[in-house]
Every structure is written in structure tokens, then in C-alpha cells.
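> quick one, what's the 3D model for this:
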Amino acid sequence: MKKLKFVKTIIVLIFVLSFFSVFTACSQNSFTDTASSEGGDMPLSDISKSVDGLLGSIESGGAGLSRSGLVGKLEDDPTDNDDEVKGHLAPGQITAGEWNDLRNRDQWLKLFTPNELQEPGVFSEYLDAFNLSTLKMYSVSVLNASDAPINDALVTLKDDTGRAIFLARTDASGKAYLFPQANSAVSISITCGQETKSITITENVYEYSVKFSDVLSSVTKRLELMFVVDTTGSMSDELEYLKAEIDDVIKKVANLTGYDISLALLFYRDRGDEYVTRYFDFSTDISSHSLNLSQQNATGGGDTPEAVDIALSEAVNKQWSVGGGATRLIFHLLDAPPHSDAQNIELYNTALLSAAEKGIRIIPIASSGVDKLTEYLLRTEAQVTGGTYVFLTNDSGIGNSHIEPTVGDFIVEYLNELMIRLIKDFCDGSITEPIYYGDSQQ
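Numbering: from 1, shown residues only. Below you'll find the model as predicted:
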């Protein structure tokens, strides 16, 4: 660490000496606002900002002014006894919040209801945008004789002809969430192993519970985890930081006692780019995926909508397990919605419904550039699949400005700690209190 501090001191001295050298030269040239050099003209104000930014970076332990293009806090190489600078960004810098609409149904529904001034709800205009409604929801708790939750039970919502109109699987807390669309739901069937039970829906009753007497609790710590990441050019302000957070998460989760983790990565852009999707299959080799992650960059795109529908369709149709009590999670990092033509909408909706049926919980992470339409879509994406909504905040100063989500009170966390918390909660069926980023010990 002493060598690291010495290197930082030398860098600062070089910058300061260079600045005064240029300043002296310009003083002899009537104090013009640019400093001539062989490489072109550099405004004195820019040189001053660079020096100030570097000084601030050193004083804060390496955290620079990222919105001005300065690098953030660097991570020391833990394998280097001399404490040399490793050269990649350290995790634990991006801040985020989480909001679970499944646990806050009343507040979600208010977003479609006119206020006291008869102004339309925040999301009213988007209600028919992608033809997937969450206004009506049934929740079903599936327990065994000891009132322990049963994970991964298949729950089917049926219409009056007995046709399945929505399918989902219970999570580790034993709950499944069902969203009827245009069809009228009349019954719910629950299949656990070889046994199936049915519930008749009662008007205006939306919460149900069923018990299986001969079934053991099937909550496990077997995790199938996939990161689906938008790597178009608009993600360039945050992607390097996000890569550091993801890398930290997968390494820490892989080292958690009792967890059996299989990891996959899917990166996407848009039609006409270098690639539409780039996939690295499920593997327990975390180090290889860490390398795959490090090699990604942000470019392409161009228009605001991206190939979200194609990416999610491919993601949910990969080799996920069927049954067995596994927890299946997708963290979906993005800043733009899918294309809105009929074919893309159908593909996107089908992907979400398929994820729900397979018990794949999607946790969207909204980056800078997300607008209200995209917020609505991502919160719908989370609910339909039994996930939760995560959004980056401006507290870190990293990236471009982030939209203020229309949610209730939440705690700002570091993104890596938030993701690890959610992974544990979805695996355990628990709800853990967030750690405010200002109180974090990392």
C-alpha cells in the first residue's frame, strides 16, 4: 500500500508541474485561454479541471468524478504483495434501490388511477402499450403439513373451459403470482410431485393457500443465475462499473457456504450491430465467466429501442432445470425498451410468460436513460415473473442522470450488496433488510 501511495504522489506532482509549466508558457503569450502543444490546443480550464479531479480522486481513495469522464475507484490486486494498482474498477461504487410491486399492490394500482384533480395515473397512458396487464393478480401460497413453504410447485390459472391461461411456479417462500389477461379465471390447480389439488376462485378474493400433507419442504440453495446485459453504446457511461459489480457478485455468491451455483451470461445489442446476442452457457466455472464478462464493451445500438425481446426470448429458452426446487434468476441490466412493433411485442410477452411458467424470476436493473415507459415495462416484467424492480440512483455520481422512480420509500444501497441480498432472499424465501450505502462496511 505504501508503494501505491508513493505512485499516487508522483502522479500528482507530475500533473502539478505540468500545469505550472503550461501556465508559465501561456503567461508569456498574453494569457490566451488555450495552451499550444504538439498534440493540439488544450484549454487551461480543462487542465485545471483535470488536476482538480485527480487530486480529488487521490484524496478520496481513488474515487474520481465519473460524470466528467474521470475513472472511479481502482481496486488493488489482492494477489500482488507490493500493492500495485491492478487497473480495473473496484466494486461497491454504484448505488441503487429496490421496489417490490408484488408486496405493494395498492401503490401499484394507484399508478393507473386518476388523482384528486382527475389527472390520469402516472402509468395510465402505457396500460395498453405492450398488451400485458398486471391490474388483476391472484397469489397462491403452497405449504406442507408443517406449514413450511413448498418451492417450485406448478400453479395453473384456468378459465371456464378448463384451459390454462397463466402458469407460474412457487418461489422459495411458497408463493406463486398469477395474472389473468382478457380471460375470466374460474379455478386454480396446484401440482406438487404426482399430486394435484384444485381451488375454485371466489369473486373478489385474490389470495389463496393450499397444503400438501405428504410433501417435504423443497427449499434448496441450488441457484441458476443468468445476467442479461444491454451492451449498446448508450450503456457506455456505466457498463465498466456494472461489470465490476457483477464480477464481485458472482465471486461472492460462488463462495457462500452451502450454495450450488451455475452461471450464464447473455449480452445483447440490436439488429445490424456486431452481434444481436452473445451467449456464454451455464457453467460452474466462475473464473471463465469472470473473464468473459471482462471482455465485453458498449457500442452499437443507435436508436432507443434495442433487441430486448430477442435477448429475453433466448435467455428463458436456454437449458434451465425443470423442477427439483432450484432457484432460477435473471438479472436484466438495461437502459432502453424493446422495439414496439407487433412481432417484437409478441416475442417479448411470450418470453415473460414462459419465464413465469418455468419459475425464472427476472430482476430488471434500470440504468441511466430509462424513461417512464421503460420503467412501466420493467416493473411489469418483474411482477409477471415473480421478480422485483431494481433501479440505479444518482447518489454515486456515476453515469448520466437516472430517472426518479415512482415508488414509495426505499433505502439506497450499493448495487453489489443489493444483488447479493436479493439472491440470498430468493434462495431462502426470506426478506432481508437493506443496508444503507452510507453504513456499508465493504
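> against Leu154, how distant is the closest residue to Asp237 other than its chain neighbours?
Leaving out its chain neighbours, the residue that sits closest to Asp237 by C-beta to C-beta, 6 or more residues apart in numbering is Gly399, at 4.3 Å. Bear in mind the C-beta positions are built from the backbone N, C-alpha and C, glycine included. To Leu154, Gly399 is 40 Å away according to C-beta to C-beta, to the nearest Å.
> Leu392 is in contact with the residue nearest to Asp237, correct?
Yes - counting by C-beta atoms under 8 Å, Gly399 does reach Leu392; the two are 7.0 Å apart.
> look at these two and report which has more neighbours.
The residue with more neighbours, out of Gly399 and Leu392, is Leu392; 25 against 22, by other C-beta atoms under 10 Å.
> check what pLDDT that one gets.
With respect to pLDDT, Leu392 scores 98.
> swap in Lys3?
41.
> Asn400 - how many residues pack around it?
If you count neighbours by other C-beta under 10 Å, Asn400 ends up with 14.
> any idea how far Glu98 is from it?
Computed as C-beta to C-beta, the Asn400 to Glu98 distance reads 21 Å.
> and for Ile250?
Distance from Ile250 to Glu98, counting by C-beta to C-beta: 19 Å.
> which parts of the stretch 301-442 of the chain are strands?
Along the stretch 301-442 of the chain, the stretches classed as strands by DSSP state E, counting those that start in this stretch are 327-334, 360-366, 389-392, 413-414.
> same thing with the stretch 101-250 of the chain?
138-144, 154-158, 164-169, 175-178, 187-192, 195-200, 207-212, 222-230.
> and of these, who's closest to Ala326?
Between Ala326 and the strands of the stretch 101-250 of the chain, the shortest gap by C-beta to C-beta is with strand 222-230, which sits at 4.5 Å.
> where in the stretch 1-150 of the chain is pLDDT low?
Residues of the stretch 1-150 of the chain meeting the criterion pLDDT under 70: 1-87.
> what residues are bridge-paired with the residue nearest the centre of the chain?
Centrality entry for the chain: nearest residue to the mean C-alpha point is Ile365, 2.7 Å, by C-alpha atoms, centre = their mean. Under DSSP bridges, the beta-bridge partners of Ile365 are Leu333, Val390.
> was I right about it contacting Leu334?
Yes - between Ile365 and Leu334 there is a contact at 7.5 Å, judged by C-beta under 8 Å.
> local confidence estimate at the nearest residue to Leu312 once chain neighbours are set aside?
Using C-beta to C-beta, 6+ apart and skipping residues adjacent in sequence, the residue nearest Leu312 is Ala351, 4.1 Å away. With respect to pLDDT, Ala351 has a value of 98.
> per-domain residue ranges of the protein.
2-89, 95-99+220-439 (automatic domain parsing).
> as TSV, those domains with distance to Leu132 would be great.
What follows is the domains of the chain, written out as TSV (distance: least, C-beta to C-beta, whole Å):
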stretch	distance to Leu132
domain 2-89	35
domain 95-99+220-439	5
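> all helices for the stretch 251-400 of the chain, in order.
Secondary structure of the stretch 251-400 of the chain (DSSP state H, counting those that start in this stretch): helices located at 286-294, 308-316, 342-358, 372-384.
> count the neighbours of the residue nearest to Leu312 for me.
25.
> begin at 196, not 1, for the rest of this chat.
Noted, 196 is the first residue going forward, which turns the last one into Ala546.
> how much space is there between it and Val607?
The gap separating Ala546 from Val607 is 30 Å, by C-beta to C-beta.
> again with Leu338
Separation of Leu338 from Val607 (C-beta to C-beta): 35 Å.
> then Tyr632?
Distance of Tyr632 to Val607, given as C-beta to C-beta: 5 Å.
> one more: Leu507?
28 Å.
> and these two? which has more neighbours close in?
Taking neighbours as other C-beta under 10 Å, Leu507 and Val607 compare with Leu507 leading, 28 against 18.
> my read: that one touches His527, true?
Yes - using C-beta under 8 Å, Leu507 is in contact with His527, at 7.2 Å.
> quick one on the thing from earlier: so for Val400, which of the strands of the stretch 496-637 of the chain sits nearest?
With C-beta to C-beta as the measure, strand 555-561 is the member of these nearest Val400 (25.1 Å).
> packing partners of the closest one?
Strand 555-561 sits against strand 522-529, helix 537-553, helix 567-579, strand 584-587, helix 610-623, with contacts defined as 3 or more C-beta pairs under 8 Å, 6 or more residues apart in numbering; DSSP states H and E.
> if I look at Tyr632 and Val607, which residues touch both of them?
Shared contacts of Tyr632 and Val607 (C-beta atoms under 8 Å, 6 or more residues apart in numbering): Thr290, Asp590.
> show me the contacts for Asn544.
Counting by C-beta under 8 Å, 6+ apart, Asn544 touches Phe325, Asn326, Leu327.
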